[in-house]
Structure formats: structure tokens, C-alpha cells
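[1] give the three-dimensional model of this entry:
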Amino acid sequence: MRHYLTIICSVLEPHTHPIRGWEEEPYDSKPANQPYNPYLPPLAMMDLPIELVSAVVRKISSISDLLSLRSVNSAFRDLVTPQAFSELHIRNSVESAQTCLSILASPSLATHVREVVYDRRDHAQFSLLPPGAEDICNELEIADLEDALAETFCSLPGFKNLESVVLNFWPSFRSQRGTEIQEHPFWFSNRQIAVLHALHVAFKSSSIRSLTLNHVMLISPACYDFVSAVASSPLHHLSMSIVANSELSIWSGSKALNGPLSSLLPPSNSNFKSLVLRSPQGLYHSLNTQLRSFNYPALETLILENIVFDPVPSVDGIEDFIVRHKASLRRLEIRSCSSYVSSITTPIRSWSTIWRRLAEELGSLRVFVANDARQGYALLDDTHGYIPHPSFLAASPELTQEDEQAYLQFSGPR
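    Modelled structure (predicted):
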């Protein structure tokens, strides 16, 4: 209890009325006309104004601490429950999925859930199982995990106030014996598809407005046909980080096993406002982008990181996708992206050309962010996959100057 009183002292605000005796005299000192009472109870936390107790609760981020405080009595239970259950974490295990379902079965708890986070692992590094490594996964146990997760995510509409879902895909899971098992990429991709399919079933009757997907392995578009089945997506925001081409090619043996970015985009609708496409671990490019059918009239924010632009503008490509949303787009971020060059002898589409086109077309843009004026130029190498174009490892001064000048004209005051 002394720990919580210390927190109270740090959150007191100037307008808060002083707690009895803290500013006048010690609580257990006796007035002149009253004898000292050694049995007078010490100051208890519930003797404090409810505003102070609420301030304490807001400062507590540990779920275990919140649950401990919630178990003190009914008053603390009522005060702490909304914060303790506002964010629901599901680990990559059958037991955790079943716990989520038990919370869902309790209306007094389920009503407070605003965000569901799947398999968050702070500071973990993503790495697929190396080629040739022994696959020790138990297929029956993997099937049980997929079934439990699918049931849980299909049930998300039961959280009536759910607004946000974050899915973190890691190539390992906790077995029923409590050990962490590294998965073969085949099982890892299968589990991704099972969870994503279940989530899109939930979309049909849920109010989820924000979706974040981390470490997605994009494979054949046929595996994601469930996305188009959602006639009217409720999403306003989608953030997707994709497993890089280099990571995929290590275990697949294919340098071109890259599903299109469009595979998991929501169907065209007038609610969608924000899109983030990232490949944090390296370049991502698909030879079959397929963006022509996606149109979001309310799209205001677009963020691209390590995404490769096509060598020739087309209605299916990233560049045309940007321009197609020129009427609504207000914020554009292009970070560490590259322009694709199909061969050493193929003419390049320079960044100066791209910058000039965007400057001419995006008249409604208010904010533009880029981490490099020139970005880069990428070539698909048969041995190494997507690499910086060898001719531009030491870029020509003329090309560098043209890219920088066009960039400065585009990124100048608006």
C-alpha cells in the first residue's frame, strides 16, 4: 500500500484538495482537547478522494499489478476493470486462446475490450527457420493451435466495443508442454492464413476500425480469396509490415516468390482513410502488383517503407495508386523505397521523374516525408535476389543532382 501512496504523491495536481492532515499536522497527532488514541486506524487508500485513486490506476501499466489491485475489494474491482481489460493480449498458444474466449463469455468484462493484440513480443527479432534445419513440430499440436485461434478470432464480434486489432506473426509457438517451438515456414504461413481468414469472417459483423499486421508472408493471391468476400469493410486504417524478399528467398529457393501487396487490402470503400505498407527488414517487390481495382475516395494518409516501385507506370503499380488518390491524399511518406530496374540494359525510371510527376499531380497534399532524396534503384539478381543496381552503387553526379533538385521542388513549402 505504501507503494501506491508514493504514486499518489507523484500524481497530485495543484487543484486537488489536500488529504486530511497532510498539510496541517500529522494524522495521528492529538488535538489539544482530545486524548491520544493509539488504536486510531492508519490512513487507507480508500479514504482518499476517488479522483486521486483514479489517477493512481491510470499510472499503472502492468496488467498483473492492475489485476492484483482489482482483487482488493469490489470498489477497486469496479474502478480497475475498464483499464485492466481495455487491451486484451492473446499469446500464441491454445491456453491463451481459450482464456480469451472465457473473457468473451463474461459480458461484464467483454464490454471493456477496445483492442486485441495477438502475440506481442517486445524487442524480439524476426527470423525464419534456416533451410535444412530439423522440423520438430507436432502436426496435431499445430492443428489444435490453428483451430483454437480460428475459433477465437471468429468470435471477436462478441466484443461489442472492439475498435482495434494488432496481429503479430512470429515463426514459433508455445507448445502445450510450455516450451517454445520454432516452426517451419510452411506451418507458419498456414497459421497466418488461418488467423487472417478467421479475422475477415469477424469483419462481417464487427466494428473494428483499425488493423495492424506484422511479419506477413505474402504468397499466392489465391490463398487470400476471403478478403474480397467482405463486401463492405469497416476498416479506417490498415498497417501492414511484410516479410522481405530476401527472407522469403532464403528458405523457398525462389527469388520471385512474392505475393502482391494488394492481397490483403480491403475492398474499395468510402470509409478507408489510412494505409501503411512496410518491409522493415529489406526491400519488397512483387512482379504482379495488381492495384488497379483499389480506390479509396477518403484516403488521407499513405506511408511506404522499403517498397519497390515498378519500372513503367501502370494502373496496377504503386505510383499510379498514389496519383489515383490525389484528390483526398493529405500526407505521403516514402522511406527507403527503390525504383525497380528489370535488367542492366533496361532504361531506369529515375526518382527525379517520379518526384516531378507527384509534384504535378498531388495538389491537395499537405505533408510529405522522405528519408532520402534519391531513394534507390533495385535489380533482381538470380543469385542474391533484390539488390542495389550495381551501376548506382556510386551514382553519377548528374543523376544525383537531378534527383535531389526534383525532390526539393516537390518537398518544398506547400
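
[2] from here on, just use CA atoms for contacts and neighbour counts.
    Noted.

[3] any idea which helix or strand carries Val227?
    Per DSSP states H and E, Val227 falls inside helix 225-228.

[4] centre of the chain to that helix, how far?
    Put simply, helix 225-228 sits 20 Å off its chain's centre (C-alpha atoms, centre = their mean, to the nearest Å).

[5] strands paired with the helix or strand just after it, and their directions?
    Remark: after helix 225-228, the chain's next helix or strand is strand 237-242, criterion DSSP H and E. When pairs are called by DSSP bridges, strand 237-242 turns out to pair with strand 210-216 (parallel), strand 274-278 (parallel).

[6] mean pLDDT, distance to Leu88 and mean neighbour count added to those, as CSV?
    As requested, the strands paired with strand 237-242 are exported to CSV (pLDDT from 0 to 100; distance: least, C-alpha to C-alpha, whole Å; neighbours: other C-alpha atoms under 10 Å):
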stretch, mean pLDDT, distance to Leu88, mean neighbour count
strand 210-216, 95, 15, 19
strand 274-278, 96, 23, 20
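
[7] let's have these in JSON lines, adding distance to Asp144.
    As requested, the strands paired with strand 237-242 are arranged in JSON lines below (distance: least, C-alpha to C-alpha, whole Å):
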{"stretch": "strand 210-216", "distance to Asp144": "21"}
{"stretch": "strand 274-278", "distance to Asp144": "31"}
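
[8] out of these, nearest to Arg114?
    Closest approach to Arg114 among these is made by strand 210-216 (10.8 Å; C-alpha to C-alpha).

[9] for my notes, confirm Ala194 occurs in a helix.
    Yes. The assignment for Ala194 by DSSP: H, G, I helix; E, B strand; the rest coil puts it in a helix.

[10] could you count how many residues lie near it?
    16 (other C-alpha atoms under 10 Å).

[11] quick check: it touching Glu146?
    Yes. Using C-alpha atoms under 8 Å, Ala194 is in contact with Glu146, at 6.6 Å.

[12] all helices of this structure, in order?
    Ranges of helices in the chain, per DSSP state H, are 2-11, 50-59, 63-70, 74-84, 94-104, 107-110, 139-154, 185-203, 225-228, 245-252, 318-324, 351-361, 397-411.

[13] list the buried residues in the last one.
    Neighbour counts over helix 397-411 (16 or more other C-alpha atoms under 10 Å) mark 400, 402-407, 410-411 as buried.

[14] next, the angle from that helix to helix 351-361.
    Orientation check (axes from the mean of the first three to the mean of the last three C-alpha atoms, to 10 degrees): helix 397-411 against helix 351-361 gives 20 degrees.

[15] give me the residues contacting helix 397-411.
    The contact list for helix 397-411 (C-alpha atoms under 8 Å, 6 or more residues apart in numbering) reads 350-353, 355-356, 358-359, 368-369, 373-374.

[16] what do you get for the third one?
    Identification of contacts with helix 63-70 by C-alpha under 8 Å, 6+ apart yields 57, 60, 76-81, 84.

[17] change it to 7 Å
    60, 76-77, 80-81, 84 (C-alpha atoms under 7 Å, 6 or more residues apart in numbering).

[18] now the angle between helix 50-59 and that helix, please.
    Following the same axes, to 10 degrees, one obtains 150 degrees for the angle between helix 63-70 and helix 50-59.

[19] convert the C-alpha atoms of helix 63-70 to PDB, please.
    Output of helix 63-70 as PDB, limited to C-alpha atoms (Å, rounded to 0.1, in the frame of the first residue of the first chain):
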ATOM      1  CA  ILE A  63      -1.500  -5.900 -16.200                       C
ATOM      2  CA  SER A  64      -0.500  -8.100 -13.300                       C
ATOM      3  CA  ASP A  65      -0.500  -5.100 -11.000                       C
ATOM      4  CA  LEU A  66      -3.900  -4.000 -12.200                       C
ATOM      5  CA  LEU A  67      -5.300  -7.500 -11.700                       C
ATOM      6  CA  SER A  68      -3.900  -7.600  -8.100                       C
ATOM      7  CA  LEU A  69      -5.400  -4.200  -7.300                       C
ATOM      8  CA  ARG A  70      -8.700  -5.300  -8.800                       C
END
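
[20] so where's the protein uncertain?
    1-50, 130-136, 249-257, 373-374, 382-385, 387-395, 414 (pLDDT under 70).

[21] centroid-nearest residue for it?
    With distances taken as C-alpha atoms, centre = their mean, the residue of the chain nearest its centroid is Thr212 (3.3 Å).

[22] which elements pack onto the helix holding Val227?
    Contacts defined by 3 or more C-alpha pairs under 7 Å, 6 or more residues apart in numbering; DSSP states H and E place helix 225-228 against helix 185-203.

[23] give the buried residues for the helix it packs on.
    185, 187-203.

[24] then stretch 351-366?
    For stretch 351-366, by 16+ other C-alpha under 10 Å, it's 351-352, 354-356, 358-359, 362, 365.
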